[in-house]
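In: coords please:
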Amino acid sequence: MRHASPDDCIVITTTEQAEAMHRHLEGCRASAAADDYATERVKPIKWMTCACCGSSYQGRQWWNQDTGYGLGDCCVQYCHANPTPGVETGSYGVAGIHFLLTQAEKDNPPLIENRGVPLYGLDDRLRIEYDGCVFWKGREIEHYSGSRLYDSEDNKDQARELIRRCEILEARSEEISSASVLRRWTD
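Out: Next up is the predicted model:
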């Protein structure tokens, strides 16, 4: 079983549908600006792919970019995007919100609980979003892709190991992050 379904995709086949989608997206842009981008600021900070050069960077999804893509900090000057915080660029989002985030914000992203669905239905605290990001109580700790998205016993065992490690870190009152759960893990 994959966690993303065909229902998550929008297929546009007519000019009328394209125009309706365009109106909807323009409404998204207008409503984001109307509340000083508060709805954008609560979106999760994720590792994304620069739409210009393909590098990885930390930012937020902008409605006018494909899922998982946006303007990386590396290409702001190359793409002539305005780097002034709070200034919107139609194609890339808002500097300081979607790209060019401060290090303090990257280190302390807003916590959003109950995102996605429980990973393999094992534990409500371990959840996965449609793009493969895996969260423990709202904190991103892992990314699944390819065969790891399928509901198999091996994958469930790996997920149970993530749960075990997160519970141990919590009992030790240690930070839970991808680094502590995966790269720096010691029993």
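
In: ok, then the element right after the least confident helix or strand in the chain by mean pLDDT?
Out: The helix or strand with the lowest mean pLDDT-type score in the chain, counting by mean pLDDT, DSSP states H and E, is helix 15-34 (a mean of 77). Moving toward the C-terminus from helix 15-34, the first helix or strand encountered (DSSP states H and E) is helix 38-41.

In: Please work out the average pLDDT along that following helix.
Out: Helix 38-41 shows an average pLDDT of 81 in the prediction.

In: Using CSV, list the CA coordinates for the helix or strand harbouring E142.
Out: When secondary structure is defined using DSSP H and E, the element that contains E142 is strand 139-143. Backbone C-alpha positions of strand 139-143 (Å, rounded to 0.1, in the frame of the first residue of the first chain) are rendered in CSV as follows:
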residue,chain,number,x,y,z
ARG,A,139,9.0,16.8,14.4
GLU,A,140,10.5,15.6,11.1
ILE,A,141,12.9,12.6,11.8
GLU,A,142,13.1,10.7,8.5
HIS,A,143,12.2,10.6,4.8
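
In: Give me the helices and strands touching that strand, please.
Out: In terms of contact count using 3 or more CB pairs under 8 Å, 6 or more residues apart in numbering; DSSP states H and E, strand 139-143 is assigned the packing partners strand 133-136, helix 153-171, helix 178. Quick note: C-beta positions are derived from backbone N, CA and C, even for glycine.

In: mind checking which of these is nearest V87?
Out: For the helices and strands packed on strand 139-143, distance to V87 was read as CB to CB. The smallest value, 27.9 Å, belongs to strand 133-136.

In: give me phi/psi at the most centrally placed residue in the chain?
Out: Ranked by distance to the mean C-alpha position of the chain (CA atoms, centre = their mean), the top residue is K46 at 4.0 Å. Note on K46: its backbone torsions stand at phi -130, psi 160 [degrees, to the nearest 10].

In: doesn't Q61 make contact with it?
Out: Yes: K46 is in contact with Q61 according to CB atoms under 8 Å; the separation is 7.2 Å.

In: Common neighbours of these two, please.
Out: Counting by CB atoms under 8 Å, 6 or more residues apart in numbering, the residues touching both K46 and Q61 are G68.

In: any weak-confidence spans in the protein?
Out: In the predicted model, the chain carries pLDDT under 70 at residues 1-9, 29-36, 110-113.
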